[in-house]
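> Here's a sequence, model it:
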Amino acid sequence: MVWASESKERGEFRMIEVNKENFDDEVTKSAIPVVVDLWGPKCGPCLALMPQVEALAGSYEGRVKFCKLRSEEHTSELQSHQSISY
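Modelled structure (predicted):
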(Lines give C-alpha, C1' and ligand atoms only; values in the text may rest on other atoms or scores of the structure.)
Protein backbone atom coordinates (compact mmCIF):
# COMPACT_ATOMS: atom_id res chain seq x y z
CA MET A 1 0.00 0.00 0.00
CA VAL A 2 1.42 3.38 -1.00
CA TRP A 3 0.02 6.66 0.25
CA ALA A 4 0.00 9.78 -1.89
CA SER A 5 2.19 11.61 0.64
CA GLU A 6 4.97 9.01 0.31
CA SER A 7 5.51 9.84 -3.35
CA LYS A 8 4.67 13.55 -3.20
CA GLU A 9 8.34 14.52 -3.12
CA ARG A 10 8.79 12.92 -6.54
CA GLY A 11 5.74 14.71 -7.96
CA GLU A 12 3.76 11.47 -8.08
CA PHE A 13 0.53 10.56 -6.37
CA ARG A 14 -0.40 6.96 -5.90
CA MET A 15 -3.70 5.54 -4.84
CA ILE A 16 -4.30 2.81 -2.28
CA GLU A 17 -4.72 -0.58 -3.91
CA VAL A 18 -7.67 -2.34 -2.34
CA ASN A 19 -8.48 -6.04 -2.39
CA LYS A 20 -10.69 -8.44 -0.43
CA GLU A 21 -8.35 -8.31 2.58
CA ASN A 22 -8.32 -4.52 3.04
CA PHE A 23 -11.50 -3.32 1.27
CA ASP A 24 -13.63 -2.99 4.41
CA ASP A 25 -10.93 -1.17 6.39
CA GLU A 26 -9.94 1.19 3.59
CA VAL A 27 -13.35 1.83 2.01
CA THR A 28 -16.34 0.78 4.10
CA LYS A 29 -14.93 1.89 7.47
CA SER A 30 -13.18 5.04 6.21
CA ALA A 31 -13.73 8.21 8.23
CA ILE A 32 -13.51 10.31 5.06
CA PRO A 33 -15.22 9.97 1.65
CA VAL A 34 -13.67 7.39 -0.68
CA VAL A 35 -13.40 7.22 -4.47
CA VAL A 36 -12.78 3.70 -5.77
CA ASP A 37 -11.42 3.53 -9.32
CA LEU A 38 -12.37 0.23 -10.97
CA TRP A 39 -9.70 -0.56 -13.53
CA GLY A 40 -8.08 -3.32 -15.54
CA PRO A 41 -4.67 -3.63 -17.20
CA LYS A 42 -6.29 -4.24 -20.60
CA CYS A 43 -8.70 -1.30 -20.30
CA GLY A 44 -7.38 1.52 -22.49
CA PRO A 45 -9.68 4.22 -21.06
CA CYS A 46 -8.83 3.11 -17.51
CA LEU A 47 -5.09 3.43 -18.16
CA ALA A 48 -5.52 6.74 -19.99
CA LEU A 49 -7.44 8.26 -17.06
CA MET A 50 -5.22 6.91 -14.29
CA PRO A 51 -2.73 9.86 -14.28
CA GLN A 52 -5.60 12.34 -13.89
CA VAL A 53 -7.19 10.30 -11.11
CA GLU A 54 -3.81 10.06 -9.35
CA ALA A 55 -3.47 13.85 -9.65
CA LEU A 56 -6.89 14.24 -8.03
CA ALA A 57 -5.70 11.99 -5.20
CA GLY A 58 -2.92 14.48 -4.56
CA SER A 59 -5.24 17.49 -4.79
CA TYR A 60 -7.71 16.04 -2.28
CA GLU A 61 -5.20 14.33 0.01
CA GLY A 62 -6.49 14.21 3.57
CA ARG A 63 -10.04 15.13 2.53
CA VAL A 64 -10.92 12.28 0.16
CA LYS A 65 -9.30 8.86 -0.02
CA PHE A 66 -8.61 7.53 -3.52
CA CYS A 67 -8.36 3.77 -4.01
CA LYS A 68 -8.12 1.48 -7.01
CA LEU A 69 -9.52 -2.00 -7.47
CA ARG A 70 -8.62 -4.38 -10.32
CA SER A 71 -12.09 -5.30 -11.45
CA GLU A 72 -11.31 -8.65 -13.12
CA GLU A 73 -9.58 -9.97 -9.99
CA HIS A 74 -12.24 -8.89 -7.50
CA THR A 75 -15.61 -9.65 -9.04
CA SER A 76 -17.06 -10.88 -5.72
CA GLU A 77 -16.32 -7.52 -4.03
CA LEU A 78 -17.94 -5.69 -6.93
CA GLN A 79 -21.03 -7.88 -6.77
CA SER A 80 -21.38 -7.57 -3.00
CA HIS A 81 -21.30 -3.76 -3.32
CA GLN A 82 -23.58 -3.78 -6.39
CA SER A 83 -20.92 -2.18 -8.59
CA ILE A 84 -20.78 -2.39 -12.36
CA SER A 85 -17.53 -2.58 -14.29
CA TYR A 86 -17.05 -2.61 -18.03
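> got the residue ranges for the strands in the protein?
Here the chain has its strands, by DSSP state E, at 16-17, 34-39, 65-70.
> Give me whichever of those strands is most buried.
Across these, the average number of neighbours (mean count of other C-beta atoms under 10 Å) peaks for strand 65-70, which reaches a mean of 21. For the C-beta atoms, the positions are set from N, CA and C on the backbone; glycine is no exception.
> Now do that one: which elements does it pack against?
In this structure, strand 65-70 packs against strand 16-17, strand 34-39, helix 44-59, with contacts taken as 3 or more C-beta pairs under 8 Å, 6 or more residues apart in numbering; DSSP states H and E.
> now the angle from the last one to strand 65-70?
Between the direction of helix 44-59 and that of strand 65-70, the angle (axes from the mean of the first three to the mean of the last three C-alpha atoms, to 10 degrees) works out to 160 degrees.
> which helices and strands does helix 44-59 pack with?
In this structure, helix 44-59 makes packing contacts with helix 4-7, strand 34-39, strand 65-70, judged by 3+ C-beta pairs under 8 Å, 6+ apart.
> distance of the residue nearest to Val18 when sequence neighbours are not counted from Cys46?
In space, and not counting its chain neighbours, Val18 is closest to Cys67: 4.6 Å by C-beta to C-beta, 6 or more residues apart in numbering. With the distance defined as C-beta to C-beta, to the nearest Å, Cys67 ends up 14 Å from Cys46.
> What about Ala55, how many residues nearby?
Residues near Ala55, counting by other C-beta atoms under 10 Å, number 14.
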